[in-house]
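Visitor: Have a look at this prediction, sequence included:
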Amino acid sequence: MKKAGIVGSGIGGIAAAIRLAVKGYAVTVFEASETFGGKMKQFQLGGYRFDMGPSLFTMPHLVDELFTLADRNPGDYFQYQKLDIITQYFFADNTRLTAYAEPVQFAREVEATFNIPQADVLQYLHKSARIYNATADTFLHKSLHKVKTYLSKDILKTIPVLPDLGLTTTMHKANAQAFQDARFVQLLDRFATYNGSDPYQAPATLNLIPHLEHNLGAYYPTGGIYAIAKSLVQLAEELGVVFKYKEPVKEIVVENNHITGVRTAKALYNSDVVVSNMDIVPTYRKLLPGVTAPEDTLQQPRSSSALIYYWGIRHSFPELHLHNIFFSKNYQEEFRHIFQEKDISLDPTVYVNITSKYSPEDAPEECENWFVMVNVPHNEGQDWDNLIRTTRANVIQKLSAVLGVNLDQLIEAEQIWDPRGIEAQTSSFAGALYGSSSNNKMAAFLRHANFSSSVKGLYFCGGSVHPGGGIPLCLLSAKIVGDLVPAN
């Protein structure tokens, strides 16, 4: 039986381990920390439970697929429910919008709030769906670095939508051209943050992202986002995958341009295949000393990062839902601070995720667990301690004014995660959440491939390589690797 080593147990690494085990490999996963999950961990803070990283769950069929591949019933391991309300939006002029999951209901709400015709909203969502359906099989489900991808019949589906891909304009320009109301444009521009990009620079191609929420739907996993990783690790272990925790890989061993194994502080493990789920930059810089690094790829501009305040709130807010957005007054200025000034606007957009709305056990009675996130630049040595203090005060002031409370007095537990901690704890280079940004029209093609062109048996998955970051794309990166690795 051939052996496969997986470096890192983020969601991409776990999924790759399952796919290779199903293909007949003896799989070992090496994890530097004490447990699995990467950014998808959980922790307790007093009487409050928090998901540490990702908070939005779309495309659950990509998780289900891993169970069906292994001839298991997904429902025996993992349950989730579709959200009726995706997001509660709060705008700077005190306008509020409930983003219902059902497209027609959402369009009606937009019309009632912004006086935008329902038909225009539905046409926008239809276009987003059409672009996604025409391009996903080629650009998300397959390697962009294999000739056969472009010889597949799926490429023919992309031809009719080429004029609509928006490669020659930005997300913001396309959205501002489609809609007159600046508030709804801001709502649509927000989807650039789903891969750590700037809507004023990123190509309008990213306007296919709303399709994932507003056509396919958003979901809540029973037990929170952590339950995804937990259920998949259970499946992996049933398939014979071995997880070695607190055993970081020191070197991916290469001989004569072939993978031979991985070396840790404890032992040398022979491997026929190695899949790195580690960020692509430290993979080359730290684990592949004898391999020439693709410098042009590694030096692509980094995505944004996050500053997260985990707050135990001694109060219950019925006007809030699972996902809540409190917009800044000047969105362009906010992104200028992130990507040009490399600091944080004094009026940042604030995202608040409250899992206790669906899992009451995540907080004490009449209390809520708030995951409060601000988009920030990746780490370039900024004075983070000062930025954290200033941003905390600005966030509390903003939320207190909107909600009509003194929020500071309601916080009874607190923990903070900033780009320095994200980098140190997850090996995400510079704390960038999504590897490189998508702030140019060729960004998708500039991401590192899911395989090495110079080392046979070496593969890559996770948010820093093709097709990108976020739960669905990390799962797709593992699927591409599973398709590329030869059957045992």
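Guide: Right, received. Where do you want to start?

Visitor: Leaving out the residues flanking it, which one is nearest to F90?
Guide: Once flanking residues are discounted, F90 sits nearest to F326: 4.6 Å by CB to CB, 6 or more residues apart in numbering. All C-beta atoms are positioned from the backbone trio N, CA, C, and that covers glycine.

Visitor: Thought F326 was touching R190, still the case?
Guide: No. Using CB atoms under 8 Å, R190 is not in contact with F326; the gap is 11.6 Å.

Visitor: overlap in contacts of these two?
Guide: Residues touching both R190 and F326 (CB atoms under 8 Å, 6 or more residues apart in numbering): T349.

Visitor: so how far is the strand or helix carrying A401 off the chain centroid?
Guide: Per DSSP states H and E: A401 is located in helix 384-403. With CA atoms, centre = their mean, to the nearest Å as the basis, helix 384-403 stands 24 Å off its chain's centre.

Visitor: Give me the buried positions along it.
Guide: 384, 387-388, 391-392, 394-396, 398-399, 402-403 (16 or more other CB atoms under 10 Å).

Visitor: mind checking the longest helix of this structure?
Guide: helix 118-139 (DSSP state H).

Visitor: so where's the stretch 351-488 of the chain uncertain?
Guide: 444 (pLDDT under 70).

Visitor: So F57 sits against Q81, correct?
Guide: No. F57 lies out of contact with Q81 (CB under 8 Å); the separation is 10.2 Å.

Visitor: the helices in the stretch 301-450 of the chain, which residues?
Guide: 331-336, 384-403, 419-426, 443-446 (DSSP state H, counting those that start in this stretch).

Visitor: and the longest one, C-alpha only, in PDB?
Guide: Coordinates of each C-alpha in helix 384-403 appear next as PDB, following Å, rounded to 0.1, in the frame of the first residue of the first chain:
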ATOM      1  CA  TRP A 384      -1.000  46.200  16.400                       C
ATOM      2  CA  ASP A 385      -1.400  46.800  20.100                       C
ATOM      3  CA  ASN A 386      -2.400  50.400  19.500                       C
ATOM      4  CA  LEU A 387      -4.600  49.500  16.500                       C
ATOM      5  CA  ILE A 388      -6.400  46.900  18.600                       C
ATOM      6  CA  ARG A 389      -7.100  49.400  21.400                       C
ATOM      7  CA  THR A 390      -8.300  52.100  19.000                       C
ATOM      8  CA  THR A 391     -10.400  49.800  16.900                       C
ATOM      9  CA  ARG A 392     -12.000  48.200  20.000                       C
ATOM     10  CA  ALA A 393     -13.100  51.700  21.200                       C
ATOM     11  CA  ASN A 394     -14.400  52.600  17.700                       C
ATOM     12  CA  VAL A 395     -16.300  49.300  17.300                       C
ATOM     13  CA  ILE A 396     -17.900  49.600  20.800                       C
ATOM     14  CA  GLN A 397     -18.900  53.200  20.000                       C
ATOM     15  CA  LYS A 398     -20.400  52.200  16.700                       C
ATOM     16  CA  LEU A 399     -22.400  49.200  17.900                       C
ATOM     17  CA  SER A 400     -23.500  51.000  21.100                       C
ATOM     18  CA  ALA A 401     -25.000  53.900  19.000                       C
ATOM     19  CA  VAL A 402     -26.800  51.500  16.600                       C
ATOM     20  CA  LEU A 403     -28.200  49.200  19.300                       C
END
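
Visitor: looking just at contacts, which helices and strands does it meet?
Guide: The contact analysis (3 or more CB pairs under 8 Å, 6 or more residues apart in numbering; DSSP states H and E) places helix 384-403 against strand 305-313, strand 323-326, strand 350-353, strand 368-376.

Visitor: Mean neighbour count for these - can I get that in JSON lines?
Guide: Below are the helices and strands packed on helix 384-403 laid out as JSON lines (neighbours: other CB atoms under 10 Å):
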{"stretch": "strand 305-313", "mean neighbour count": "23"}
{"stretch": "strand 323-326", "mean neighbour count": "21"}
{"stretch": "strand 350-353", "mean neighbour count": "23"}
{"stretch": "strand 368-376", "mean neighbour count": "25"}
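
Visitor: In a markdown table: these, plus distance to K153.
Guide: As requested, the helices and strands packed on helix 384-403 are exported to a markdown table (distance: least, CB to CB, whole Å):
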| stretch | distance to K153 |
| --- | --- |
| strand 305-313 | 40 |
| strand 323-326 | 38 |
| strand 350-353 | 40 |
| strand 368-376 | 39 |
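
Visitor: Nearest to D343, out of these?
Guide: Closest to D343 of the helices and strands packed on helix 384-403, according to CB to CB: strand 368-376, at 8.1 Å.

Visitor: Measure how far the closest one is from the centre of its chain, please.
Guide: 15 Å.

Visitor: which secondary element of the chain has the worst mean pLDDT?
Guide: Across the helices and strands of the chain, mean pLDDT, DSSP states H and E gives its lowest value to helix 443-446, namely a mean of 72.

Visitor: just checking, next helix/strand downstream of that one?
Guide: strand 458-460.

Visitor: Tell me the helices and strands packed up against that following strand.
Guide: Using 3+ CB pairs under 8 Å, 6+ apart: strand 458-460 touches strand 273-276, helix 471-484.

Visitor: Within its sheet, name the partner strands of the shortest one and how each one runs.
Guide: Right, strand 273-276. Next to strand 273-276 in the sheet, as set by DSSP bridges, lie strand 3-7 (parallel), strand 458-460 (parallel).

Visitor: Please tabulate these in TSV, including the columns mean neighbour count and distance to G38.
Guide: Supplementary listing: the strands paired with strand 273-276 in TSV, determined by neighbours: other CB atoms under 10 Å; distance: least, CB to CB, whole Å:
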stretch	mean neighbour count	distance to G38
strand 3-7	27	11
strand 458-460	25	14
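
Visitor: Could you report the neighbour count for V147?
Guide: 7 (other CB atoms under 10 Å).

Visitor: now it: how far from E414?
Guide: In this view, V147 and E414 are 52 Å apart by CB to CB, to the nearest Å.

Visitor: Also G13?
Guide: 30 Å.

Visitor: which of these two has more neighbours?
Guide: G13 (30 against 14).

Visitor: Okay then, goodbye and thanks.
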